[in-house]
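J.: Predicted model follows, preceded by the sequence.
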Amino acid sequence: MNTVLSVENLSTYFKTDKGIAKAVENVSFSLNKGEMLGLIGESGCGKTTVAQSILRLIEYPGKVVSGRVLLNGRDLIKASEKELSSLRWKEISVIPQSAMNALNPIFTIGDQIMESILLHENVSKREALQRTKTLLELVGIDGERWRSYPHEFSGGMKQRVAIAMALACNPKLVISDESTTGLDVLTQAQVIALIKSLQKKMDLSVILISHDLPMVTAICDKIAIMYAGNIVEWASTGDLLKNARHPYSQALLNASPDLGNPEKEVVSIPGSVPNLVNFPNSCRFHTRCPYAFDKCRQEIPEFKEIKNGHYTACFLEEEGNHG
Ligand code: SF4
């Protein structure tokens, strides 16, 4: 397996009036060529901050305070702005949360895709237009509609244009950041199916950020579960479904409907996500965890491998603690 992205002990903090919010703390995971990883968790758990940290898009009062983000061996955290701009779009790109905001209403969609190509590659306008038409076809839109303006498209079609833009310069890695937000359920399913088919066709590595666990388990090879700024478990989808180890992962699975079993009882997770400003050194799930014991309130559990490729951070993994 060929590692495309390796995120190592990434921490991103935000300064607030009340203190430091450790929005992302010690996050580690990796992604192989042609693999799809689902990054999942409740709203506000830090998924988008992880994506923005990888892309180096964190702005003041936020800051990546430690860690490495190796894209094909190059550390994006240390890269110069010039290096970064040569890597964005060509090596790594993003399908944003809302295509409505990503597309400029006063330019045709063709002009906007062409601009991405012309800005990053040394090709003629004619070639950029040809590629734009091919990209539109690839995402299921008639290539001749390159002359259309965003307002002439439905939400689902605009999202397809955003996908075409993300693929404009043939990146190896694409981050899809809740890219079906605001679409109806049927259109969401179509957009996700499109991302999956493009990932296979183009052998792309994809990070799919979502809070929709059933969808992620249906299409991703691996899943990383985030809670309050930490990844608490990272495993292959099969392993996670069969043998989720972290109490939060178990609770999240219990709280999600099962598409194959409509009878399943859905149990919501009691309590709420803690405030991360000045959060004490402890397991961040201890305020909601039914198994919490003294050590959980006083120390941070280490994120470590418990079985081939299955990682978690919970003191229950220590000898003698599992019931
Ligand atoms: Fe629960 Fe403790 Fe494990 Fe945290 S470390 S998930 S509080 S048992």
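T.: Sure, I can see it. Residues are numbered from 1 along each chain as shown.
J.: and the closest residue to residue 304 other than its chain neighbours, what does it touch?
T.: Beyond its immediate neighbours in the sequence, the residue positioned closest to residue 304 (CB to CB, 6 or more residues apart in numbering) is residue 311, lying 6.3 Å away. Using the backbone N, CA and C atoms, a C-beta is placed for each residue, glycine as well. Contact analysis of residue 311 by CB atoms under 8 Å, 6 or more residues apart in numbering lists 28, 231, 233-235, 303-305.
J.: Repeat that for residue 47.
T.: 39-41, 177-178, 209, 211, 226.
J.: Skip the chain neighbours and tell me the closest residue to it.
T.: In space, residue 47 is closest to residue 209, 4.7 Å off (CB to CB, 6+ apart).
J.: Give me the phi and psi for the one you found.
T.: phi -90, psi 130 (degrees, to the nearest 10).
J.: Could you check how far it is from residue 97?
T.: Distance, residue 209 to residue 97, using CB to CB, to the nearest Å: 9 Å.
J.: Now the common contact residues for those two.
T.: By CB under 8 Å, 6+ apart, the residues touching both residue 209 and residue 97 are 48, 177-178.
J.: more crowded one of residue 209 and residue 97?
T.: Using other CB atoms under 10 Å as the criterion, residue 209 and residue 97 rank with residue 209 on top: 23 against 19.
J.: for the more buried one, what are its contacts?
T.: Applying CB under 8 Å, 6+ apart to residue 209 gives the contacts 39-40, 47-48, 50-51, 175-178.
J.: which among the residues you listed gets closest to residue 241?
T.: residue 40 (12.6 Å; CB to CB).
J.: The closest one touches residue 222, doesn't it?
T.: No. The pair residue 40 / residue 222 is not scored as a contact, 10.9 Å apart, by CB atoms under 8 Å.
J.: quick one, which of those two is more surrounded?
T.: A direct count of neighbours by other CB under 10 Å for residue 40 and residue 222 places residue 40 higher, at 28 against 23.
J.: what about the more buried one, distance to residue 67?
T.: In terms of CB to CB, residue 40 sits 20 Å off from residue 67.
J.: so how far is residue 90 from the spatially most central residue of the chain?
T.: Nearest to the geometric centre of the chain sits residue 209, at 3.1 Å (CA atoms, centre = their mean). Look at residue 209 and residue 90: by CB to CB, they are 21 Å apart.
J.: Same check on residue 216?
T.: Note on residue 216: its distance to residue 90, by CB to CB, is 27 Å.
J.: Show me which of those two is the more surrounded one.
T.: Between residue 216 and residue 90, counted using other CB under 10 Å, residue 216 has the larger neighbour count: 25 against 15.
J.: what's the helix or strand for that one?
T.: helix 213-219 (DSSP states H and E).
J.: And for residue 82?
T.: Residue-wise, residue 82 maps onto helix 81-87 under DSSP H and E.
J.: shouldn't residue 91 be in contact with residue 170?
T.: No. With contact defined as CB under 8 Å, residue 91 does not reach residue 170; the gap is 9.4 Å.
J.: Just want to know which of these two has more residues nearby.
T.: Between residue 91 and residue 170, counted using other CB under 10 Å, the more crowded position is residue 91 (19 against 14).
J.: Look up the residues forming beta bridges with the residue nearest to residue 304.
T.: The partner list for residue 311 in beta bridges (DSSP bridges) reads residue 234, residue 305.
J.: From the ligand, how far off is it?
T.: 14 Å (CB to the nearest ligand atom, to the nearest Å).
J.: State the pLDDT value of that residue.
T.: Residue 311 is assigned a predicted lDDT (pLDDT) of 98.
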